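Peer 1: Task: produce atomic coordinates for the following.
(chains A and B)
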Amino acid sequence: MINQVKIGLAEAITLLVITMATKLFLTYPLIIVSRGGSAAWQIVIISGLVTLVFFWLILKYIERFPDRSFPETAEYISGPYFGGLLVMVLLLPWLFELTMTFRRFGEMIVIIALPETSIGLIMLIFFCGAGLAAYLGLSTIARACHLVFPFTLGAALLIVAFSYSNWDTDWLFPIFGNGPWITIKEGVIQSSAFYELSFIYALPLVFYAHQIKKIGYTSIIVTTVILTTMVLAYLLAFPAVVGEEPYLPLYNMARSVYLGRFIQRIEAIFLLFWVISGYLWVSVGVYGLCHILKDWLKLPDHRPLVLPALIIVFALAFIPQSLPDAVLKTGEYFNNIAFIPIFGLPLLLLLLAVLLGKGGKNNAEK
Amino acid sequence: MQLKHWANKILGYNGPPASMDFELAETKEEQQSASQAGQEENVPASKSRQHKIRKPRKTGPGGDNGNASSTDDTVIQPGGTGAGDNPERSKPGSAPQEIQVALETNRKIIAQLFNLPINKDVIVREFTLSTEPPVPAFLIFIDGMADTRLINDSILQPLMLLTNLEPGLGIWPDTCTNVLQKHLPSNQVKKLTLFEDVVTQVLSGATAIFFDDCSCAISAETKGFPFREVDTAKTEQVVQGPQEGFVENLRSNTALVRRIIHSEQLITEYLEVGMRNNNNVAIMYMADLTNPALVQEVKRRIRGIKTDYLAESGVLEEFIEDHPLSLMPQIIKTERPDRVSSMLLEGKVAIIVDNTPFVMLVPGLLFDFLHSSEDHYVRFSNGIWLRVIRLFAVFLTILLPAFYVAIATFHQEMIPTDLLLSIAAAREMVPFPTIVEILLMELSFELVREAGVRVPGIIGPTLGIVGTLILGQAAVAASIVSPILIIIVAVTGLSSYAIPNYAAAFGFRFMRFIFIFLAAVLGFFGISSGLFMMLCLLLNMKSFGVPYLAPVSPKTASSHDLILRFPAWQQENRPDYQQTLDTRRQPELSRGWATRQSAKPPGNKANKEGD
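Peer 2: From the prediction side, this is the model:
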């Protein structure tokens, strides 16, 4: 049995923030703006607050079973069959989102940098990079997140700063966008954007138990601040109606940067950080998938699962026909319902545990 | 069979390599050893413990003399195995042969061990001690390794001429002890009882003396082989700071370090590597600083080497490093004694291989390869600037040509219009695509560099300059490459030479070609992918249990000496990742004179006198 890898506080926070915030580089601002109009930034804040509440409940679940992996807990509470089903409920959306994001990143590269290159080749390179990182393990990925985070954040903030000349506060009005009720409803639904938070309860043993609370709250708050800032800057730069149009909103914002004749069209430099963030996201996803499977199947190591998992993800990623027809729409559908399984699953287990009197002080029987 | 082996290797998973299991972490035992006396074997951690320099110990009689035994059937087989051609025979654990009482028997064993009389540089001199009654004896040494004048004056002359001063019954019964105590005016002598020790001593330049009717021999230190004098460092020159460098002689090298660190806590241990050449390897460390687990790991790796010939420290490096297939070195090699000393005081372990002017230091981390001794010898602001320049040079070396290829091939929109037009105009006449153009020039540059190193003497630099200038100028004139490319290649070349470590610079230069290729195929996406994979591989690396990118990742407490070098008086702590037994270099207030109290000492005699 390979020793359980543990990651430190700063690494864990940056890992979660990078994975949760990377969707900014994809279609997240587009979806949010299309739902909330000029009040899109309020949706982000509300979804952050909702996630904080959900995390408070998730924490109760984790504290009840501090030394068990998710499959162990699910099987312990609800038996091997229903427990297995619950693990599947966790894994299938995970696999779906992983596949779609994998494809979205490939499409993003095609749009931004290599319009004439086959998406197959691009995704093959992605396959290799993410596979390597997932194979090397979580400590490598977490350290990479920790190293890359300041640069990626700096690049994103530079885009915000450089786009200042295009800002117009008129675009923030009407202040309640499509209406307060819609904003609140979308705020709850869009808590699906914090989908990657499920990493905490799906792989609880990779964190130090006493740090989980701090990791969760800090990463949610930091992510909310980043997402809000970026969405707000996007709204200031483009009116909501225009903002619904581009497939890659942040890229569009970077393209609009013009700082005199010499500094213009600098989006290719930001591509470096976007790509690395994409790699980290996919690596974390693949690693998580393999790790949960490893725990479920009671294997000693996750590494033999990396290649098969990647091949499955690679194959599934090609099912959607094109970016606009399939990837965006499936993404939207996923966003509408994803918060139910990601937050519902630990709550269901918590409820069952309370009803059946399992966990907590009774956990010693393990 | 081979196919099956490779299929297993590629598809099968056999777990991480054993070297990855070792982590240099502070354990309870280490913490105890920091506070108490060192408990580890051969790793003294207390100041009271006296250090011992262990002499190189031969593990068994060696030598390729399989034919010698066939010439004389009556010869006693030394070591129970004879001197065969199988290197395994000299491994530790083979039964040692004790020295016999009869001189003639010993003479025959020695003849067999050293392949006499075929071996012409092994000299056996028979003589008689002028005692009453006379005692037959012989000595053995290797011509060229031993100082013959010393043998004549300090061994033969006293034994042949002055032993007749012995009163009474001569020097019998304990001949060895008597000779050692009364007749041998040599400063390093040793009583030997095993033939394997005799062989070791003789091979290292000592002279062994055998006496009749005596079951032991005496080894007298008579080393006298030629070696290069201490000279200036050739590959790590500095403007300010010590200029001397290591030489090939092991003892001189250890002495150069000891000359800087005057501490009884500086330990030198000797090991032997190479079953046939029995090369001496010295390990130096600070007993009260270095983590005992690190010392043990270094010794474990060196002792675990099974090879017949160890030529140089570079070969040993390949044997003991964690990731031998990586482009980046994980062991620091330096020829500067001052660098070794400063790193020993950081808690690293120095490994010195005999016949090599380069000393290895472990663990070697990425940022160590970007540091130079001079950073500490100039004012701290200049030191910071030097390091920033070097870091910049690393990025230029790896990425500048790749960026050019990516921009010129895929991302032309990034270039401001005026610059784009001028580049396009310069490239108008060039018939090759950018990738061919840049590979042509980069390979030419590498060719000039390699030729410059190989060409003898002073022609080298001349050839480099002439070759580069003429080649570049001619290539531009012939419209084979564009002028901007010459600038890129030249800047990249200069940057690669700004990296102070030769092996690291080589690694970065090689990476440059990988990035050029990735940029040519996939533009910035290729570069980003390459950077990500490189980052992951570097993050996964360890050098002797310490993560390669420490202290940046994983982040550890700052020693104020990483990219920014703080002033010497602010570098209070040693690097945290070294897990040293003593973590502090100096107290918070290292400049005692700067305090108000020290400015007004009670009864300041000097002030009074001055008044």
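Peer 1: Distance of residue B:350 relative to residue B:569?
Peer 2: Applying CB to CB, to the nearest Å, the value for residue B:350 to residue B:569 is 26 Å. Backbone N, C-alpha and C define where each C-beta goes, glycine included.
Peer 1: for residue B:23, that is, sorry about that
Peer 2: Here residue B:23 is placed at a distance of 33 Å from residue B:569 (CB to CB).
Peer 1: and if you look at residue A:213?
Peer 2: Look at residue A:213 and residue B:569: by CB to CB, they are 41 Å apart.
Peer 1: For chain A, give me its nearest residue in chain B.
Peer 2: Nearest to chain A, among the residues of chain B, is residue B:528, at 3.6 Å (CB to the nearest CB).
Peer 1: How many residues are close by that residue?
Peer 2: For residue B:528, the count of nearby residues is 26 (other CB atoms under 10 Å in any protein chain shown).
Peer 1: Likewise for residue B:323?
Peer 2: 19.
Peer 1: Please enumerate the strands of chain A.
Peer 2: In chain A, the segments counted as strands under DSSP state E are A:258-259, A:263-264.
Peer 1: in a strand, that's where the residue of chain B closest to chain A is, yeah?
Peer 2: No. Using DSSP: H, G, I helix; E, B strand; the rest coil, the assignment for residue B:528 is helix, not a strand.
Peer 1: That one and residue A:270 touch, don't they?
Peer 2: No. If you go by CB atoms under 8 Å, residue B:528 and residue A:270 don't touch, sitting 10.5 Å apart.
Peer 1: Kindly report the residues of the stretch 1-150 of chain A close to chain B.
Peer 2: Applying CB under 8 Å from any CB of the partner chain, we find that the stretch 1-150 of chain A lies next to chain B at A:2, A:8, A:10-11, A:109, A:113-114, A:117, A:121-122, A:125-126, A:128-129, A:132-133, A:136-137, A:140-141, A:143-144, A:146-148.
Peer 1: Quick check on these: which are buried?
Peer 2: For the residues of the stretch 1-150 of chain A next to chain B, a burial check counting by 16 or more other CB atoms under 10 Å in any protein chain shown picks out A:8, A:10-11, A:109, A:113-114, A:117, A:122, A:125-126, A:129, A:132-133, A:136-137, A:140-141, A:143-144, A:146-148.
Peer 1: follow-up on the earlier one: filter the residues of the stretch 1-150 of chain A next to chain B down to the ones in helices?
Peer 2: Of the residues of the stretch 1-150 of chain A next to chain B, the ones assigned to helices by DSSP state H are A:10-11, A:109, A:121-122, A:125-126, A:128-129, A:132-133, A:136, A:140-141, A:143-144, A:146-148.
Peer 1: Report the residue ranges of every domain in chain B.
Peer 2: The record's domain parsing of chain B by automatic domain parsing lists B:68-220, B:250-364, B:377-547.
Peer 1: Just give me how far the last one sits from the chain centre.
Peer 2: What it means is domain B:377-547. Using CA atoms, centre = their mean, to the nearest Å, the distance from the centre of domain B:377-547 to the centre of the chain it belongs to is 30 Å.
Peer 1: likewise the shortest one?
Peer 2: Computed by CA atoms, centre = their mean, the chain-centroid distance of domain B:250-364 equals 5 Å.
Peer 1: Any idea how far apart the tips of that domain sit?
Peer 2: Its start and end residues considered, domain B:250-364 measures 22 Å (CA to CA, to the nearest Å).
Peer 1: I'd like the mean pLDDT over that domain, please.
Peer 2: Averaged over domain B:250-364, pLDDT sits at 92.
Peer 1: so residue A:202 makes contact with residue A:68?
Peer 2: No. Contact status for residue A:202 versus residue A:68: not in contact, 11.9 Å apart, counting by CB under 8 Å.
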